[in-house]
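In: no sequence for this one, just the structure:
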Ligand code: SF4
C-alpha cells in the first residue's frame, strides 16, 4: 500500500522581487499562506506543481511544502516553512519589514 | 586606502553593464533560471529564504566614509534600511529586488565597490587583521599583500572554476586576529634571521563539515615570492582537488588525502616552473599598492582629556576597558565599535548608524574604517585625547556598547532567519544569550569569552573555533543545538570538541548559563579566562555542568 499523501501547498520565490509566494486555487500567486490552495491529493499536487514550473518568468524554484488545514486556511507544517511564511523572527534594526510591498 | 585605477573602474563598470543585460534577458525569458543562477552568483546575488541577498565585497575589511554613506543610501533606497556584516568582512543586504540590483551595483561602482567573487568556486574576499596598519604588535601592514592578491585573483582565468571556493587570510602581526588557521591559505608575516620580511604559509584549513586547522607548508617564504607561491598552491589544488564530491572538494581534503608532503612536492614543483615568469612585475605592483596604504600622519597629542574622562565617568571607563586596543603610536588607540548591543542582531547596522560611523571616522579617525570578522567595526586611528568625544558620538548613535570580547560579543551567522541552507536559527540564540547575561549582571565578572553560533554545518559563524561553539541543527522536526567546547580562533587555534547531545531551542541559553556558572566556580581567580580554565581542567567538569541529570544517573 502506498503511503498516504501529506497535504501540501505550492510555494516559490517571486522572480522580480524575490519574496515568498504561494499558489492559490484560482492560480494567483499570493503572499499569505492562508490564502493558498491546500492540496490533499497526490495527482493534483503533481499537476499544480507542473503549473507552477511552467511559469519561469513569474516564480523561481517552486516546490511542494507540507502544510495542514488551520482555522483560517493552510498552515505550514515544518518550522522552516513557518519562518518562511512569517519572516525573520529576530528584532530588526531600522524600519523593519513592515507591511509587504507588492513587487513591481 | 587603495583607490580604483582606471583599469579597476572600467572593469567594474563593464561587469555592471553585463549584469544589467543578464537580468534583462532573464526577465524576458532569454535565459532560464539554471542559466542565470551562476551569472547572478558571480555578482554576489543569492536567492535566500525570504528574498534575494546581495553580498558586497569589502576587501580585507577596509572601508572609507564615502563608501559607508553609499551603503547607507543603498540600504534605504533599495533595501530595508540596514545591512549585515559577515564573518568574511563583507556586507549583505537581505532584501533587494532582482529588478533593482543592476542599479545597486552601479551605485556601488560609484564608490569603488562591487560584489564580484563573493560567491562561487573562486578566490573569495581576502581577509586581513582588522587592526592592520595600527596594531602595536605589527611587523607590517598586511593589506598591500591582500590587495596584491585581490588584483591577481580577480577574474584569474585559471582559477575561476576551482573545485570549490577558496579563502585566504593574512596577518602582519604575531597575534592572529584573522583566524589564519581556518583558511585554505593562511599567511602570517615573519622576519628571517636577517630581518627581511616574509610569510609563514599555511594550507588546508577550513571549518564546515570537516573542520581542520591549516598546516605549515612553507615555514618562511620571502616576500618577493608570495604571488608565484600562492599561484602554485592554487594550481596544484586545481589539478588535484576533487570535483566528484562537493563535500570533499576543499583544499583541506586534497591535503588530507594526498598528505601534506606529497601536496607540498606538487606545489614546489609548480612553483619552480612559474617563478621566473613573474619577473618582478608583482614587486613593482606591490610597491605602487603600498603607497596607497601609507599610514595617516599621527601627531603627538596630549592624552590628558582621556585620563580626565576616565576619572570622571564610569561608563566611559567601562568602554575603554573593553573596546580599546593598543596603537603603535602611544597617544592613539584602536577603537572597536560593537555591533552587538544586547538584544541586537550581531553584525547588523542601520543606515543611520552607517552615516554616524562615517562622520565619526571622518572627524576623529583619519577617514578609516574596518570591518572585523567578529562582525564589529574598527576605527583604527583615534587620538586618545579625542576618545571622550568619539564615545559620546557613538553613544548618540547607539553604538557605544562596552562589551568587546565579552560574552555578549557573539559571532552569529544569519541562520534560518535568512539563509536558505540553514537547519536552525542562530540570531535569536545570540540575542537571548546576550540579554540573559546582561540581566544576570555577570558579563564583566565573566570576562573574556568567545561564543560563536552557526545555523548549519557550513559553519559561517565559526562555531568550531569558539570557546563555546553552538551549531544549530534539525532533529526530529525541531531545532536542536549542539555545543562544542574549547575552540580557539587565535594563534593558539583549536577546534572545539563536541560536548554531547544537542539542546532544544528553549534549552540552549540555560545550558550556556550552566557552563558559565561552572567556569565561575572552577576558575583560579578572575584573571583566569574561560578558555584557560578549560585548558587546565579539560572538558569533564564542563560536560558535567551541561548534562547534570546524566551525572546523577551515573552516581546512582
Ligand atoms: S552557517 Fe549555514 S545557516 Fe549560517 S550562514 Fe552559513 S550556510 Fe547559512
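Out: Structure received. The shown structure was predicted, so the numbers you read here are calculated from the model rather than taken from an experiment.

In: Could you look up the SS state of residue A:67?
Out: strand (DSSP: H, G, I helix; E, B strand; the rest coil).

In: and it, what does it touch?
Out: Neighbour list for residue A:67: A:7, A:8, A:9, A:33, A:36, A:38, A:74, A:75, A:76, A:77, A:81 [criterion: Cβ atoms under 8 Å, 6 or more residues apart in numbering or on different chains]. (Glycine included, C-beta is placed from N, CA and C.)

In: Against residue B:144, how distant is the closest residue to the ligand within chain A?
Out: Of all residues in chain A, the one sitting closest to the ligand is residue A:80 (11.3 Å; Cβ to the nearest ligand atom). Noted for residue A:80: a distance of 44 Å to residue B:144, by Cβ to Cβ, to the nearest Å.

In: These two: which has the busier surroundings?
Out: Comparing residue A:80 with residue B:144 by other Cβ atoms under 10 Å in any protein chain shown, the one with more neighbours is residue B:144, at 25 against 20.

In: What's the per-residue pLDDT of the more buried one here?
Out: Per-residue confidence at residue B:144 stands at 96 (pLDDT).

In: just to revisit the earlier point, sort out for me which of the contacts of residue A:67 are in helices.
Out: residue A:81 (DSSP state H).

In: isn't residue B:490 right up against residue B:174?
Out: No: using Cβ atoms under 8 Å, residue B:490 is not in contact with residue B:174; the gap is 10.3 Å.

In: what's the neighbour count on the closest residue to residue B:8 other than its chain neighbours?
Out: Nearest non-adjacent residue to residue B:8, counting by Cβ to Cβ, 6 or more residues apart in numbering or on different chains: residue B:112, 7.3 Å away. If you count neighbours by other Cβ under 10 Å, residue B:112 ends up with 18.

In: For residue B:112, give me its contacts.
Out: B:3, B:4, B:8, B:9, B:12, B:67.

In: Return the member of those residues nearest to chain A.
Out: Nearest to chain A out of these is residue B:67 (Cβ to the nearest Cβ; 18.8 Å).

In: quick one, phi psi at that closest one?
Out: Backbone torsions for residue B:67, taken as degrees, to the nearest 10, come to phi -70, psi -40.

In: how near is whichever residue of the stretch 251-400 of chain B sits closest to chain A to residue B:58?
Out: In the stretch 251-400 of chain B, the residue that lies nearest chain A is residue B:350 (4.2 Å; Cβ to the nearest Cβ). Distance, residue B:350 to residue B:58, by Cβ to Cβ: 17 Å.

In: same deal with residue B:43?
Out: Taken as Cβ to Cβ, the span from residue B:43 to residue B:58 is 16 Å.

In: which residues in the stretch 201-350 of chain B form helices?
Out: Remark: helices assigned in the stretch 201-350 of chain B by DSSP state H, counting those that start in this stretch are B:226-240, B:251-258, B:260-278, B:281-291, B:304-312, B:314-323.

In: ranking the ones you listed by mean pLDDT, which is last?
Out: Averaging pLDDT over each of the helices of the stretch 201-350 of chain B puts helix B:281-291 lowest, since it has a mean of 87.

In: Can you tell me which helices and strands that one packs against?
Out: Counting contacts by 3 or more Cβ pairs under 8 Å, 6 or more residues apart in numbering or on different chains; DSSP states H and E, helix B:281-291 packs against helix B:143-153, helix B:226-240.

In: what stretches of the chain score poorly on pLDDT?
Out: Just so you know, I chose chain A. Counting by pLDDT under 70, the ranges of chain A that qualify are A:1-2, A:91-104.

In: The intended chain is chain B.
Out: In chain B (pLDDT under 70), the answer is B:551-556.

In: Residue B:179 - nearest residue in space that isn't next to it in sequence?
Out: residue B:489 (4.7 Å).

In: Contact partners for the one you found?
Out: If you count contacts by Cβ under 8 Å, 6+ apart, then residue B:489 has B:176, B:179, B:182, B:450, B:452, B:462, B:465, B:466 around it.

In: For the fifth one, the count of nearby residues, please.
Out: Residue B:452 has 31 neighbours, counted by other Cβ under 10 Å.

In: That one contacts residue B:471, doesn't it?
Out: No: using Cβ under 8 Å, residue B:452 is not in contact with residue B:471; the gap is 9.5 Å.

In: so what sits against both of those two?
Out: residue B:463.

In: I'd like to know how far residue B:437 sits from residue B:451.
Out: In terms of Cβ to Cβ, residue B:437 sits 10 Å off from residue B:451.

In: shared neighbours of those two, anything?
Out: Both residue B:437 and residue B:451 are in contact with residue B:407, where contact means Cβ under 8 Å, 6+ apart.

In: quick one: the residue in the stretch 1-150 of chain B that chain A sits nearest to from residue B:72, how far?
Out: Nearest residue of the stretch 1-150 of chain B to chain A: residue B:81, at 3.0 Å (Cβ to the nearest Cβ). To residue B:72, residue B:81 is 9 Å away according to Cβ to Cβ.

In: Same drill for these two, tell me which one is more crowded.
Out: residue B:72 (23 against 18).

In: got a list of what that one touches?
Out: B:351, B:352, B:354, B:355, B:358.

In: which residues sit in contact with the residue nearest to residue B:502 when sequence neighbours are not counted?
Out: Using Cβ to Cβ, 6+ apart and skipping the chain neighbours, the partner closest in space to residue B:502 is residue B:480 (3.8 Å). Residues near residue B:480 by Cβ under 8 Å, 6+ apart: B:424, B:472, B:473, B:474, B:502, B:503, B:504.

In: do the same with residue A:54
Out: Applying Cβ under 8 Å, 6+ apart, no residues qualify as near residue A:54.

In: how long is stretch B:287-305 from one end to the other?
Out: Terminal residues of stretch B:287-305 are spaced 39 Å apart (Cα to Cα, to the nearest Å).
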